[in-house]
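Student: whatever this is, show me its structure:
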Amino acid sequence: MTGEQGTVIAAHGRHYLVQAGEQKVQCVTRGKKSDVATGDIVHWKRTSADQGVIESIAERKTLLYRSDQYKSKLLAANVTQLFIVVATQPGFSDDLVSRALVAAEAGGIAAHIILNKVDIEELLPQTRERLALYGNLGYPIHEVSARSQPEQTKALLQPLMQGQSSILIGQSGMGKSSLINLLVPDAELATREISAALDSGKHTTTFTRLFMTGPDTAIIDSPGFQEFGLYHLTEGMLERAFREFGPHLGHCRFYNCHHLTEPGCAVLGAVEAGEIAPLRHALYQQLVHESSQKLY
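Tutor: Numbers count the residues shown, from 1 in each chain. Have a look, this model is predicted:
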C-alpha cells in the first residue's frame, strides 16, 4: 500500500483524524509516540478503508504549545496567526492574554486580539483601557459583537483569516464558539463528525480541531482554558518574546543581565521610566521563575 499525505484536523489522546483530499481518515502513530499536533502535515499509510498509521511528520513552520512543570501540550502546528478572544463580560485574565502573546512571539506567530461583546456598552470604556496596554505594543485589536452584529463581525474577520492558518484561543465565556460558528460554515456539524470519528463522545470541546474554510485557509478552534504555562521557554527566549524589551536589550551594565534585580539594568530602568508596564515585567519575572522549575 502506498503512503499518502494529509493534514491532521483533530487529535484526541493518541488518535488522530487526518484530512486527505475529501476523505477523513482515523490514524494512530507507530509505537507510543504521540508528538503529532493538529495542523501537522503527515505522511500516512492506509491500513483499511478509513484507517491508517502515521509514518512521519513534515517539517513544521511553527509550533504552538503550552507546558506546565511536568509536561507540554501541543496546541497546533503550522499556525501563521493567533487570535486571543476576550470580552467585555465576563472579565478576562490579563495573565492569560500576556502569556498567549509571549507564546506567539516566541513561536514566530503573528498575534491579534479580538474584543467581543462590544454591545455591552457600559463595560466598554474600562475594557478598552485594559487592552490599550497591548494596543500600544502594536498588537491589533479588533472590536466585534458576534451575537448582535454577526454580519459586521464576519465582514471584519474573514479577510484577516484569508490565506492564513489561524488559531482562536480564549477562556470559556468569551464567545469564541459564536465566532467559530460565524467564520466556519457548519462548524457544529463538522465538530460532531470529528467527535464521532475519534470516538470521543461528548468531549467535543476538549481537543483542538482544524476547519479548512478555503484551499489555503484554515481556522483552528482550541479548547477554552484558564491557564497558559510557558515552562518550555528559556530565559533568552523570554526576554526576546516581550517586544517592548527589545530596544533595551544589550544596554545593561552586565552582558549576562537577567533583568530581575541587577544594578544598571536597562530593562528595569525602562520600567521605572514608565516605558515598560510593571504588569508585563512582573509576568516576565514569573515566567523566568517557572522556567527554572521545569522537571521534564
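
Student: for the rest of this, base every contact and every neighbour count on C-alpha atoms.
Tutor: OK.

Student: now tell me which helix or strand of the chain has the poorest mean pLDDT.
Tutor: helix 187-197 (a mean of 79; mean pLDDT, DSSP states H and E).

Student: show me what counts as buried in that helix.
Tutor: With burial defined by 16 or more other Cα atoms under 10 Å, the residues of helix 187-197 counted as buried are 187, 191, 192, 194, 195, 197.

Student: show me where pLDDT drops low in the stretch 1-150 of the chain?
Tutor: 1-2 (pLDDT under 70).

Student: do you know the pLDDT at residue 204?
Tutor: pLDDT recorded at residue 204 is 50.

Student: repeat for residue 223
Tutor: In this model, residue 223 is scored at 84, pLDDT.

Student: could you look up the SS state of it?
Tutor: What DSSP: H, G, I helix; E, B strand; the rest coil gives for residue 223 is coil.

Student: again with residue 96
Tutor: Judged by three-state DSSP, the three-state class of residue 96 is helix.

Student: hang on, the earlier thing: now distance to residue 212 too, for the buried residues of helix 187-197, in TSV please.
Tutor: Putting the buried residues of helix 187-197 into TSV (distance: Cα to Cα, whole Å) gives the following:
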residue	distance to residue 212
187	10
191	12
192	16
194	13
195	17
197	17
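
Student: and which of the residues you listed is nearest residue 21?
Tutor: Of all the buried residues of helix 187-197, residue 21 sits closest to residue 194, with 15.7 Å by Cα to Cα.

Student: gap between that closest one and residue 25?
Tutor: Separation of residue 194 from residue 25 (Cα to Cα, to the nearest Å) stands at 10 Å.

Student: need the residues touching each of those two.
Tutor: Common neighbours of residue 194 and residue 25 (criterion: Cα atoms under 8 Å, 6 or more residues apart in numbering): residue 17.

Student: looking at this, residue 19 is in a helix?
Tutor: No. Using three-state DSSP, the secondary structure at residue 19 is strand, not a helix.

Student: show me the contacts for the nearest residue to residue 264 once chain neighbours are set aside.
Tutor: Nearest residue to residue 264, sequence neighbours excluded (Cα to Cα, 6 or more residues apart in numbering): residue 253, at 5.0 Å. Taking Cα under 8 Å, 6+ apart, we find residue 253 in contact with 263, 264, 265, 266.

Student: now do the helices in the chain.
Tutor: Secondary structure of the chain (DSSP state H): helices at 94-107, 124-135, 150-161, 176-183, 187-197, 235-241, 266-272, 278-291.

Student: so which of those is the most packed in?
Tutor: Greatest average neighbour count among those goes to helix 94-107 (a mean of 21), per mean count of other Cα atoms under 10 Å.

Student: need the residues that contact that helix.
Tutor: 62-66, 81-82, 84, 110-111, 226-230, 233, 237-238, 240-243, 280, 283.

Student: select the longest strand from this structure.
Tutor: Across the chain, the longest stretch assigned as strand under DSSP state E is strand 3-12.

Student: go ahead and confirm residue 40 touches residue 56.
Tutor: No. Between residue 40 and residue 56 there is no contact under Cα atoms under 8 Å: 10.0 Å.

Student: okay, now residue 207: neighbour count?
Tutor: Residues lying near residue 207 (other Cα atoms under 10 Å) number 18.

Student: show me the contacts for it.
Tutor: By Cα under 8 Å, 6+ apart, residue 207 lies in contact with 10, 11, 12, 222, 223.

Student: touching, the last one and residue 169? I think so.
Tutor: Yes. Checked against Cα under 8 Å, the pair residue 223 and residue 169 is within contact range at 7.3 Å.

Student: and the two? which has more neighbours close in?
Tutor: Taking other Cα under 10 Å, residue 223 and residue 169 do not tie; residue 169 has more neighbours (26 against 19).
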